[in-house]
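Novice: No letters, just coordinates:
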């Protein structure tokens, strides 16, 4: 039994972030990219803005702008290469940062949505998107949003720690680790019950934030987990590894305990 558990933990360790760049806002998604197959396209492009891993703190402004993009999905047409949104930023760097934040922390569907930064003035960068099926993307997003909102509502009368425990237990009970590595999104975790680590992390992050808790993702090596601000300190949980091992070793560890945890520190 121990050997089987360690094998499963090894799978979680080596595959955990396979999906983290699945739906990122890449420079290659820019609207003014050079034509495919040209020498210019083959050159390595400069990374613009912040990576999603660097934006772990919740941004209410990005969420406000993200709602505009979600709204625009309802007006999207798969026959159009790009569809405009009302989201605007004052710099290309900020637009790129937002795009990565949107796909990592705001959009909840599994249908790929690619964002573009298009300059429309001296200091005006508009967000456009392309998607093969905008209606499907919007529907998937709403499905997850409604499911998570219902769970957050069910915990409305609980204290902060009880809410954090309730969300942990729901995800633990309802999500299995996807050893095929094909299921990589919060949609896969919440609606289909199977995902690699980001599905666990994103579901917990979304639930906590919907319930008014301060929660952030933590990235290290090829893995990710969560931390929650409770009772004046950061408390950590790794639901993925706990589910893989069939226990609760990493359920609500203090900073001091995490500092001594050689498995996470060794990533």
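Specialist: Nice, I can see it. The shown structure was predicted, so the numbers you read here are calculated from the model rather than taken from an experiment.

Novice: what number of residues lie near residue 161?
Specialist: 14 (other Cβ atoms under 10 Å). C-beta coordinates here come from the backbone N, C-alpha and C atoms, glycine included.

Novice: Kindly apply the preceding question to residue 153 instead.
Specialist: So residue 153, with other Cβ under 10 Å, has 11 neighbours.

Novice: Buried residues, stretch 101-114. List them.
Specialist: 101-111, 113-114 (16 or more other Cβ atoms under 10 Å).

Novice: nearest to residue 220, of those?
Specialist: Nearest to residue 220 among these is residue 104, at 16.3 Å by Cβ to Cβ.

Novice: show me what contacts residue 110?
Specialist: Counting by Cβ atoms under 8 Å, 6 or more residues apart in numbering, residue 110 makes contact with 140, 185, 187, 188.

Novice: show me where pLDDT drops low in the stretch 101-250 of the chain?
Specialist: Within the stretch 101-250 of the chain, no range satisfies pLDDT under 70.

Novice: What segments of it are helices?
Specialist: 134-154, 160-174, 186-187, 197-210, 239-245 (DSSP state H, counting those that start in this stretch).

Novice: Check which element follows the last one along the chain.
Specialist: Toward the C-terminus, helix 239-245 is succeeded by strand 251-254 as the next helix or strand (DSSP states H and E).

Novice: which other helices and strands contact that next one?
Specialist: helix 160-174, strand 233-237 (3 or more Cβ pairs under 8 Å, 6 or more residues apart in numbering; DSSP states H and E).

Novice: can you do 6 Å?
Specialist: strand 233-237 (3 or more Cβ pairs under 6 Å, 6 or more residues apart in numbering; DSSP states H and E).

Novice: buried sites along the strand it packs on?
Specialist: Result for strand 233-237 [16+ other Cβ under 10 Å]: buried residues 235, 236, 237.

Novice: For whichever strand or helix holds residue 72, name the packing helices and strands.
Specialist: Secondary structure assigned from DSSP H and E places residue 72 in helix 60-73. In terms of contacts (3+ Cβ pairs under 6 Å, 6+ apart), helix 60-73 is packed against strand 83-89, helix 134-154.

Novice: chain center to stretch 161-173: distance?
Specialist: 18 Å (Cα atoms, centre = their mean, to the nearest Å).

Novice: Spatially, what comes nearest to residue 84 if we skip its sequence neighbours?
Specialist: residue 128 (5.3 Å; Cβ to Cβ, 6 or more residues apart in numbering).

Novice: just residue 86 next, same as before
Specialist: Per Cβ to Cβ, 6+ apart, closest to residue 86 is residue 68, 4.4 Å.

Novice: and the one you found, what does it touch?
Specialist: 85, 86, 87 (Cβ atoms under 6 Å, 6 or more residues apart in numbering).

Novice: Would you mind listing which of these are buried?
Specialist: Judged by 16+ other Cβ under 10 Å, buried ones among the contacts of residue 68: 85, 87.

Novice: Which one of the contacts of residue 68 is nearest to residue 52?
Specialist: residue 87 (16.9 Å).

Novice: who touches the nearest residue to that closest one once chain neighbours are set aside in this structure?
Specialist: By the measure of Cβ to Cβ, 6+ apart, the closest residue to residue 87 outside its immediate chain neighbours is residue 127, 3.9 Å from it. Neighbouring residues of residue 127 by Cβ under 6 Å, 6+ apart: 85, 87, 115.

Novice: how much space between the second one and residue 195?
Specialist: Between residue 87 and residue 195 the distance is 28 Å, computed by Cβ to Cβ, to the nearest Å.

Novice: same thing with residue 121?
Specialist: Residue 121 is 41 Å from residue 195, by Cβ to Cβ.
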